[in-house]
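[1] Give me the fold of what follows.
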Amino acid sequence: MRLHSFFAGLAFAAAGVAPSTPAAASLADVSIHDRRDGRELPVHWFQGRRYVVGEPGRQYEIRVRNTSGARVLAVTSVDGVNVLSGETASAEQSGYVVDPNDQVRIDGWRKNLSEVAAFYFTRLPDSYAARTGRPGDVGVIGVALFREKPVYVPPPAPCCWPRRRGELEDSSRDDAASGAAAAPQAESRSDRAHEPMAKQKAERLGTGHGERLDSAAQRVEFERASDTPEDVIAIWYDTRANLVAQGVLPRPYTPRPPRRPDPFPRWEPGFVPDP
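    Presented below is the predicted three-dimensional model:
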């Protein structure tokens, strides 16, 4: 399989971050958080799908926590649009590389290697997808997860075999070259960036292209173990009123008003009986 270059970075240690249990996958946990207070949006299950309630005007971020022991690739889309390239989303496109037991916070549409345009919930016509002529898939967040192809490491050469005369110098040069080749690989690993989302209407909710936020990232190489993702996590979102209308959320209980006394509750001719 051809070796590709993908964006990486924005990674955070997973310690202290509660995973979103309903959105758990074999490789990663995915959750949606309000950027103002850091609160994780509760997931509501309906007919086998995950839903969260979005509040118009509030910024949010997607958190992908790697629960495996190896790097994974998270190709991420919002409203059917790739969050890195702005292309109509496909699982074959670029994504974020997440180190083992690390976390990436995806808080906007990537504009360059140092900035994103913030995600925020907004009415459908103001969404980035609708403004770029692609309103058909507004209202869903997707993460396609890929394993990394294992790299074969040959076993080290035996160190204790007797050397023939004249081999020592050549072997030393080989060892030096091997050490020089290993150094850039170690440096590459250490250089990976690790850094740290009105009135409700019946109209569908989308994700806008908001203010610029500092968000450092860099490109790294990642070779996928397969052409198809190991897992795909989808989380739908909309206003509370719309999710109630769709049956995702129960209608709020409205107590019946207390009964008013009726001066003639039952009209029957006759006389007053004994008590």
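[2] What segments of the stretch 101-250 of the chain are helices?
    With DSSP state H, counting those that start in this stretch as the criterion, the stretch 101-250 of the chain has helices at 128-131, 167-190, 240-245.
[3] and R204, how far is that from A216?
    Counting by Cβ to Cβ, to the nearest Å, the gap from R204 to A216 is 33 Å. For glycine as for every other residue, the C-beta is placed from the backbone atoms N, C-alpha and C.
[4] In terms of neighbours, single out the busier of these two.
    Using other Cβ atoms under 10 Å, the more surrounded residue of R204 and A216 is R204, with 17 against 13.
[5] Looks like that one contacts G139 (just checking).
    Yes - R204 lies in contact with G139 (Cβ atoms under 8 Å); the separation is 5.7 Å.
[6] which residue is nearest the middle of the chain?
    Geometric centre of the chain, nearest residue: I62, 4.0 Å, by Cα atoms, centre = their mean.
[7] who's in contact with E230?
    Contacts for E230 were tallied using Cβ atoms under 8 Å, 6 or more residues apart in numbering; they are 26-27, 72, 145-147.
[8] Of all pairs in the residues you listed, which one is the farthest apart?
    The distance between the two most remote of those (Cβ to Cβ) is 11.7 Å, for S26 and F146.
[9] The two - which one has more neighbours?
    F146 (25 against 11).
[10] Apart from its neighbours in sequence, what residue is nearest that one?
    Closest residue to F146 in three dimensions, ignoring its sequence neighbours and counting by Cβ to Cβ, 6 or more residues apart in numbering: L73, at 4.2 Å.
[11] And the helix or strand hosting that neighbour, what does it pack against?
    Here L73, judged by DSSP states H and E, is contained in strand 72-78. Here strand 72-78 touches strand 60-66, strand 96-98, strand 140-147, going by 3 or more Cβ pairs under 8 Å, 6 or more residues apart in numbering; DSSP states H and E.
[12] Switch these over to JSON lines; also include distance to T122 and mean pLDDT.
    Formatted as JSON lines, the helices and strands packed on strand 72-78 follow (distance: least, Cβ to Cβ, whole Å; pLDDT from 0 to 100):
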{"stretch": "strand 60-66", "distance to T122": "11", "mean pLDDT": "97"}
{"stretch": "strand 96-98", "distance to T122": "24", "mean pLDDT": "97"}
{"stretch": "strand 140-147", "distance to T122": "14", "mean pLDDT": "97"}
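[13] Please identify the deepest-packed of these.
    Most buried of these, by mean neighbour count (mean count of other Cβ atoms under 10 Å): strand 96-98, with a mean of 27.
[14] Tell me which of the helices and strands packed on strand 72-78 approaches F121 most closely.
    Smallest distance to F121 across these (Cβ to Cβ): 6.7 Å, for strand 60-66.
[15] which other residues reach that closest one?
    Strand 60-66 is touched from outside by 14, 17, 19, 27-35, 41, 54, 72, 74, 76, 78, 96, 98-108, 119-121, 141, 143, 197, with contacts defined as Cβ under 8 Å, 6+ apart.
[16] The nearest residue to R123 once chain neighbours are set aside: neighbour count?
    Spatially, and ignoring its direct neighbours in sequence, R123 is nearest to E203 (5.3 Å; Cβ to Cβ, 6+ apart). By the criterion of other Cβ under 10 Å, E203 has 14 neighbours.
[17] correct me, but E203 touches D126?
    No - between E203 and D126 there is no contact under Cβ under 8 Å: 10.2 Å.
[18] Nothing else from me, thank you.
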